[in-house]
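Visitor: Next comes the sequence, and after it the predicted model I'd like to discuss.
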Amino acid sequence: MKIIKLLVLISILNFVPLRGQEFYVSGGMGLNYITIEKLNDYLHYNWNFGNRRDETHSAIEFYALVGTNLLQNFSLETSFGYSLNSFSNNYGIGIYQLEYTFYYPEINFLYSFKYPGYGFQAGFGLGYILGAIDEITPNTTQKITEETKGFNFQIKSVMYTALSNNVFVELGINYRKAFMNDLSSMNFIINNQLNESLNLSFNSFGIKLGLRYQL
């Protein structure tokens, strides 16, 4: 919670006007192509999914951010993302369902290239990550929920072009590496030789489309 409060404070400070400072807000959605190795193991060994350990699947992400230039070509952003995905399988006696969600409050440091009517940004970000997993097994309707947390690092780039004087459409790509704590519940033990706890640490590549408003 301290990290989230710090990000909120930085967002507020972003709007403290400095000489020559510019501001922008943006939001949109996209797809993350994500590899969660231990989740693939869990679905394979516990529930007979065909997932390989290194298999990639897609997850929807929504994002919003506020940014400002600290120097002429250097920008600071505070952002928030929300990502989710689900798996299901019908076993005849009932349906197995698993859903996970991630929340990403982050700080991004970007180098900016600005031109009349368009621009490009590239840099990296750091942040806190909150994760939750919900599971319903075939022989019960009771939902099992477990939460976890960790931190993540990302590399990102964004291209944007003007639709009007203040409105831009933006296209971004990013690579994210997340390090999560093991799930503590005994409900999420991988039935392999090691009997490992499920862990949602992941690698992902994302592509996003959104709108930017230049204040």
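Guide: The structure has been received and is ready for your questions. The structure presented is a predicted model; accordingly, all values stated were derived computationally and were not measured.
Visitor: what's the closest non-adjacent residue to L31?
Guide: S58 (5.1 Å; Cβ to Cβ, 6 or more residues apart in numbering). In short, each C-beta sits where N, CA and C put it, glycine included.
Visitor: Just the buried residues of the helix or strand harbouring that neighbour, please?
Guide: Here S58, judged by DSSP states H and E, is contained in strand 57-71. Across strand 57-71, burial judged by 16 or more other Cβ atoms under 10 Å covers A59, E61, Y63, L65, V66, G67, T68, N69.
Visitor: and the fourth one, what are its bridge partners?
Guide: So that's L65. Per DSSP bridges, the residues bridged to L65 are S26, S79.
Visitor: doesn't S26 make contact with it?
Guide: Yes - counting by Cβ atoms under 8 Å, S26 is a contact partner of L65 at 5.7 Å.
Visitor: can you list the weak-confidence ranges in the protein?
Guide: Counting by pLDDT under 70, the chain contains low-confidence residues at 1-20.
Visitor: please redo it, this time with the cut-off set to 50
Guide: 3-4, 6-15, 18 (pLDDT under 50).
Visitor: Mind jotting down where the strands sit in it?
Guide: Assigned by DSSP state E, the chain shows strands spanning 23-35, 57-71, 74-90, 95-115, 118-136, 144-162, 167-180, 202-214.
Visitor: so which of these gets nearest E196?
Guide: strand 167-180 (13.4 Å; Cβ to Cβ).
Visitor: Could you figure out how far the closest one is turned away from strand 23-35?
Guide: Using axes from the mean of the first three to the mean of the last three Cα atoms, to 10 degrees, one finds that strand 167-180 and strand 23-35 are set 50 degrees apart in direction.
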